[in-house]
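>>> only geometry, no sequence info:
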């Protein structure tokens, strides 16, 4: 029954499951996207800035993430600590996140609190205090966050090293949180310049999803954001990796609990591809390998041959510039990292010669579409999709087209991208090998 229901999704665009969506742009360049989802009397308001670690230069990494922390440290109107305290007092939630490509801030409330949400966001868009004493305290928090997530985590440290080797010539090779040496050398003036340079209405998207009316949102957005001046923004090119860089391999010995394999292939995204169809084909290719329990890596290498005890994969078709198609795995007991790699590459290379059945393609496509449909159930997830696509310059309608394009992908398309992109010259391997934990060493 579930399979039949999934197959019926093949004939429906994602918009068939979505509420009404409208967009407009204020005179100062602020893009506003409103989705009227009136199933519940709540609203999420998000402000997305087109700035993240992929905009940073070597020697100045971590600026975007550190500034995100400081955005909660007060304005003349809303002193330090009052922002989140006020949101919580009124029954709301708030937080923020930074990635390679964007920084986003959100507030979730009863829909009656939307005016407050927009007032607070407009205030800190232009009036942030950036006090040096507050910065000296907060940068310690950021450094401790880095220690916990990366420096003291074998898997976190391994992935950081893997990414820095795999992305050889683009800023994506740098961690979003920044290198520790850059955090140690960061000054408050660096953040002041970064804030002045990028935090402007014409570099932002306001996303509002929930029980609201577009006209009401337009009046509020104009009232709170309309007088903030436009800024001249630097022109940043979409970053592309060298083609066929050459095979790279690194081995790390760290106190991990189990051995881990990291495989990555340099591939394009929708923002960097010369032929967008390659991106859709790569998405379907990865689905054939690792989309659900019936996918090839799980069914053949985990459950049938039992060479792997766990496998995971990733590909970001929505990305600023070139990206990676990754496969990570833990070998099963009795198998080495080298054997795990050989088994995975065997399945990857089979896609260059084998025919994939129509049934397999339809199952993969239905699963991908179902994941997208299920994500529409949350207003926060809807807003995240809109904000992410707008911040990349792709537009919120891209997801509908994306699903339609996936449906056109054939076995020949998958075979072609496998031959073109999943080759040794585009491949990076990292072997994480466990070492004994030294007595007294931090766990």
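Yep, it's here. Note that the structure is a prediction, hence the values are computed from the model and not measured.

>>> for residue 426, what are its contacts?
Residues counted as contacts of residue 426 (CB atoms under 8 Å, 6 or more residues apart in numbering) are 244-245, 265-267. C-beta: built from backbone N, CA, C; applies to glycine.

>>> which among those count as buried?
245, 265-267 (16 or more other CB atoms under 10 Å).

>>> so what's the residue nearest the centre of the chain closest to, chain neighbours aside?
With the centre of the chain defined as its mean C-alpha position, the nearest residue by CA atoms, centre = their mean is residue 99, 6.2 Å away. Nearest non-adjacent residue to residue 99, counting by CB to CB, 6 or more residues apart in numbering: residue 52, 5.1 Å away.

>>> ok, that neighbour - contacts?
64, 98-103, 176, 320.

>>> sorry, back to before: would JSON lines of the contacts of residue 426 with distance to residue 336 be doable?
Listed next are these as JSON lines, based on distance: CB to CB, whole Å:
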{"residue": "244", "distance to residue 336": "28"}
{"residue": "245", "distance to residue 336": "26"}
{"residue": "265", "distance to residue 336": "22"}
{"residue": "266", "distance to residue 336": "26"}
{"residue": "267", "distance to residue 336": "27"}
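
>>> which single one of those residues is nearest to residue 146?
residue 266 (25.8 Å; CB to CB).

>>> my read: that closest one touches residue 322, true?
Yes. Using CB atoms under 8 Å, residue 266 is in contact with residue 322, at 6.3 Å.

>>> what ranges does this protein have for its strands?
20-25, 31-36, 42-49, 93-98, 103-110, 204-210, 248-254, 260-267, 308-315, 323-331, 427-434 (DSSP state E).

>>> of those strands, which is nearest residue 401?
strand 20-25 (14.3 Å).

>>> now that closest one: buried residues?
21, 23.

>>> for that strand, packing partners?
strand 31-36, helix 214-225 (3 or more CB pairs under 8 Å, 6 or more residues apart in numbering; DSSP states H and E).

>>> what would those look like in JSON lines with mean neighbour count and mean pLDDT?
Shown next, in JSON lines, are the helices and strands packed on strand 20-25 (neighbours: other CB atoms under 10 Å; pLDDT from 0 to 100):
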{"stretch": "strand 31-36", "mean neighbour count": "22", "mean pLDDT": "98"}
{"stretch": "helix 214-225", "mean neighbour count": "17", "mean pLDDT": "98"}
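
>>> domain ranges for the protein?
According to automatic domain parsing, the chain comprises the domains 17-225, 248-434.

>>> mean pLDDT per helix and strand in this structure: which one sits at the bottom?
Scoring the helices and strands of the chain by mean pLDDT, DSSP states H and E places helix 2-8 at the bottom, with a mean of 38.

>>> burial count for residue 343?
20 (other CB atoms under 10 Å).

>>> er, residue 392 actually
20.

>>> what does residue 57 give?
9.

>>> do the same with the one 4 residues further on
Neighbourhood size, residue 61 [other CB under 10 Å]: 24.

>>> and it, how far from residue 240?
Using CB to CB, to the nearest Å, we find residue 61 at a distance of 20 Å from residue 240.

>>> and if you look at residue 65?
For residue 65, the distance to residue 240 - CB to CB - is 24 Å.

>>> quick check: neighbours shared by residue 266 and residue 322?
With CB under 8 Å, 6+ apart, residue 266 and residue 322 have common neighbours 167, 241.

>>> circling back: quick check, nearest of the contacts of residue 426 to residue 140?
residue 266 (35.9 Å).

>>> which ones are touching that closest one?
166-167, 241, 245, 322, 324, 421, 426, 428 are the contacts of residue 266 under CB under 8 Å, 6+ apart.

>>> top of those residues by number of neighbours, please.
Neighbour max across those (other CB under 10 Å) = residue 166, 26 neighbours.

>>> and the nearest residue to that one once chain neighbours are set aside, what's its pLDDT?
Nearest in space to residue 166, with sequence neighbours left out and distances taken as CB to CB, 6+ apart, is residue 428 at 3.8 Å. Turning to residue 428, the model gives it a pLDDT of 98.

>>> give me the neighbour count for the closest residue to residue 157 other than its chain neighbours.
Sequence neighbours aside, residue 150 is the residue nearest to residue 157 in space, at 5.6 Å (criterion: CB to CB, 6+ apart). Around residue 150 sit 20 other residues, with neighbours defined as other CB under 10 Å.

>>> quick check: residue 150 touching residue 163?
No. Look at residue 150 against residue 163 with CB under 8 Å: they stay out of range, at 11.1 Å.

>>> need the overlap of contacts for these two.
residue 175.

>>> re earlier: closest to residue 234 out of the domains of the chain?
domain 17-225 (7.0 Å).

>>> can you give me how far the closest one is from the chain middle?
Between the centre of domain 17-225 and the centre of its chain there are 14 Å (CA atoms, centre = their mean, to the nearest Å).

>>> please identify the buried residues of stretch 340-354?
Those would be 340-341, 343-345, 347-348, 351, for stretch 340-354 by 16+ other CB under 10 Å.

>>> quick one, what contacts residue 391?
Contacts of residue 391 (CB under 8 Å, 6+ apart): 48-50, 101-102, 104, 205.

>>> hang on, I meant residue 317
Contacts of residue 317 by CB under 8 Å, 6+ apart are 269-270, 279-280, 282-283, 323, 402.

>>> distance to residue 122 added to the residues you listed, as JSON lines?
JSON lines is the format used below for the contacts of residue 317 (distance: CB to CB, whole Å):
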{"residue": "269", "distance to residue 122": "32"}
{"residue": "270", "distance to residue 122": "31"}
{"residue": "279", "distance to residue 122": "36"}
{"residue": "280", "distance to residue 122": "38"}
{"residue": "282", "distance to residue 122": "40"}
{"residue": "283", "distance to residue 122": "37"}
{"residue": "323", "distance to residue 122": "33"}
{"residue": "402", "distance to residue 122": "32"}
